[in-house]
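1. This is a predicted model, with the sequence first.
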Amino acid sequence: MIDAVRAELLKLRSVRGPVIALALVPVISIGVGALDGWSGRRAMDAHNPLLRPDFTAQQAGFDGVQYGMLALIAFGVLAVSGDPLGPALLAVPRRARFHAAKLAAIAVVALPVVAFSVVGSDLATQIALGPYGKSLGADGVPRSLAGAVLYLMLMCLFAAGCTVMARNALVPLAVLLPLVTVGSQLMSVAQSSRYAADLLPDRAGAQLLTVRPEHDALGPALGGLILVAWAVAAMVGGLAVLRRRDV
Amino acid sequence: MCSRRGGVSVGGVIEVDGLTKRYGAVSAVDGVSFVARPGVVTGFLGPNGAGKSTTMRILLGLASADSGQALLSGRSYREIERPLCEVGALLECAAPHRGRSGYAHLLWLARSHGIGVQRVREVLGLVGLEDAARRRVGGYSQGMRQRLGLAAALLGDPGIVVLDEPANGLDPEGIRWLRGLLRGLAGEGRTVLVSSHLIGEVARTADRLVVVARGRLVADADTADFTGDLEDEFLRLTGGAR
């Protein structure tokens, strides 16, 4: 099993797609984080009425990683779709072992990048906010930082599991990216679909990085559990498809 | 890590028994049975679409059979703990990722079995691919891809070798080299199963011929037992398939 994971790690390193996608995660997270802080500072300096009434420096520090997450989802998809099954299954013919090794390798590679991006993005936002910036140790922030890492990791594994089920990159990318960027936001606007939207993986998981949850929100624990359920379902579903699959 | 057999590799028996695989109403493989033994090159012959590749994919655990079984040394491929150390395979459906270098392809295969980098260099030398090893597979000629596939098949020093159309894309010099390689592997006591749709090529190398047509076994005999013109015989055996 260890050998199978090491082989998967080498596979992830030796093609371009996943490497580029993963490298974009900190670039986007920290870049957007800095931009977000800078525009917040300008708005507050100018007493701009367009600034969100619920704006807090603590929460703004988590805006960047939600864009970096798009690259991370692409990484999860490409890590699976970019690996031809034929040679993979000749080397590791037990499908459950191959599946577990692949997911473990994805998690091992993504975790340090995600942790760095989450902390770096928050830090960039607070620095860019200048006098309005708050400490990363402010009340509720450390928990949200840990929650953000968990959120991104689960979304990445969710994307990888979906890709194993879909057997290609096109469908998961074409469904997951628009869903995460606009779909669940749109659904949450209409009151009727709002409760359903709250149960979608990205919106439920986003509770994990909410510093001060609203009273009617799911809250980090429940939201996190819902995302865990989505990720586990995608990974188990992937295995079920892989087990029956002829190459 | 593959345990070495003290320099002498002894292959196991390949047993295909009543193998059947249907795709919808079409039987790709229909009750095929044969045995390939150690120390012998077994040619697996048939026209394109006769079921050779499907049989090999089932043998190597990549596809499932509807009935019957295909065993290597008495076990199915998926039951082998370190398969590359016991069975080497060249299959079109197991072609390497085009964006990876030949070296990286062999290296991850090696790593999946705890095989050292030294052995990767050995097999690259064996197939004459040292100079192209760092280039991406997408830029390889078909012959170079076949050589890389053969290097991957031999990586674990396996006692059983299963090759699907290994001569495809090789130039005349490469085909002669391949012939010597296959004879050498069998001479060391390994089991060699090699498929082809070209009767002439296989007849020069194989000791035994297994012929399929339309998914069914039509002949299974020593090459020497085929009397008369081999090509005529092959076309007579498989002719009804068209």
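-> Here it is on my side, so go on. Computed from a predicted model, the values in this text were never measured in an experiment. Numbers count the residues shown, from 1 in each chain, chains lettered A, B, ... in the order given.

2. host element of B:Glu15?
-> Using DSSP states H and E, B:Glu15 sits within strand B:14-23.

3. what's that strand in contact with?
-> Strand B:14-23 is contacted from outside by B:27-36, B:42, B:51, B:54-55, B:58-59, B:63, B:65-72, B:74, B:160, B:162, B:191, B:193, using CB atoms under 8 Å, 6 or more residues apart in numbering or on different chains. Yep, even glycine has a C-beta here, placed from its N, CA and C like the rest.

4. Go again with 7 Å.
-> Here strand B:14-23 makes contact (CB atoms under 7 Å, 6 or more residues apart in numbering or on different chains) with B:27-36, B:54-55, B:58-59, B:63, B:65-72, B:160, B:191, B:193.

5. longest helix of chain B?
-> Longest helix in chain B by number of residues (criterion: DSSP state H): helix B:172-187.

6. Now that one: average pLDDT?
-> Averaging the model's pLDDT scores along helix B:172-187 yields 94.

7. Give me the distance from it to the chain's centre.
-> 13 Å (CA atoms, centre = their mean, to the nearest Å).

8. Could you do stretch A:201-213 as well?
-> Stretch A:201-213 sits 12 Å away from the centroid of its parent chain (CA atoms, centre = their mean).

9. and what of stretch B:20-40?
-> 14 Å.

10. Quick one: end-to-end distance for it.
-> End-to-end distance for stretch B:20-40, by CA to CA, to the nearest Å: 25 Å.

11. Give me the buried positions along it.
-> By neighbour count on 16 or more other CB atoms under 10 Å in any protein chain shown, the buried set for stretch B:20-40 is B:20-21, B:27-30, B:32, B:34, B:36-38, B:40.

12. next one: stretch A:213-233
-> For stretch A:213-233, by 16+ other CB under 10 Å, it's A:218, A:220, A:223-224, A:226-228, A:230-231.

13. just those residues that are near chain B?
-> With the criterion set as CB under 7 Å from any CB of the partner chain, no member of the buried residues of stretch A:213-233 is near chain B.

14. which of the residues you listed lies closest to A:Tyr151?
-> A:Tyr151 has its nearest neighbour among the buried residues of stretch A:213-233 in A:Leu227, at 6.8 Å by CB to CB.

15. Could you give the separation of the next helix-or-strand element following the longest helix of chain B from the chain centroid?
-> Next in sequence after helix B:172-187, counting helices and strands by DSSP H and E, comes strand B:191-196. Centroid separation between strand B:191-196 and its chain, computed with CA atoms, centre = their mean, is 5 Å.

16. Show me what strand B:191-196 pairs with in its sheet, parallel or antiparallel.
-> With DSSP bridges as the test, strand B:191-196 is paired with strand B:41-45 (parallel), strand B:160-164 (parallel).

17. which SS class is B:Asp220?
-> strand (DSSP: H, G, I helix; E, B strand; the rest coil).

18. how far away is it from B:Gln142?
-> Noted for B:Asp220: a distance of 31 Å to B:Gln142, by CB to CB, to the nearest Å.

19. circling back to that earlier point, any idea which of the buried residues of stretch A:213-233 is the one closest to chain B?
-> Distance to chain B, by CB to the nearest CB, is smallest for A:Ala231 among the buried residues of stretch A:213-233, at 25.6 Å.

20. same for whichever strand or helix holds the closest one, what does it pack against?
-> Here A:Ala231, judged by DSSP H and E, is contained in helix A:220-244. With contacts taken as 3 or more CB pairs under 7 Å, 6 or more residues apart in numbering or on different chains; DSSP states H and E, helix A:220-244 sits against helix A:95-129, helix A:141-166, helix A:201-206.

21. Identify each buried residue in the longest one, please.
-> Taking 16+ other CB under 10 Å as the neighbour-count basis, helix A:95-129 is seen to contain the buried residues A:95, A:98-107, A:109-110, A:113-115, A:117-126, A:128-129.

22. so can I have JSON lines of the buried residues of stretch A:213-233 showing distance to B:Thr238 and pLDDT?
-> Formatted as JSON lines, the buried residues of stretch A:213-233 follow (distance: CB to CB, whole Å; pLDDT from 0 to 100):
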{"residue": "A:Leu218", "distance to B:Thr238": "66", "pLDDT": "85"}
{"residue": "A:Pro220", "distance to B:Thr238": "67", "pLDDT": "90"}
{"residue": "A:Gly223", "distance to B:Thr238": "64", "pLDDT": "92"}
{"residue": "A:Gly224", "distance to B:Thr238": "62", "pLDDT": "94"}
{"residue": "A:Ile226", "distance to B:Thr238": "59", "pLDDT": "95"}
{"residue": "A:Leu227", "distance to B:Thr238": "57", "pLDDT": "95"}
{"residue": "A:Val228", "distance to B:Thr238": "57", "pLDDT": "97"}
{"residue": "A:Trp230", "distance to B:Thr238": "53", "pLDDT": "95"}
{"residue": "A:Ala231", "distance to B:Thr238": "52", "pLDDT": "96"}
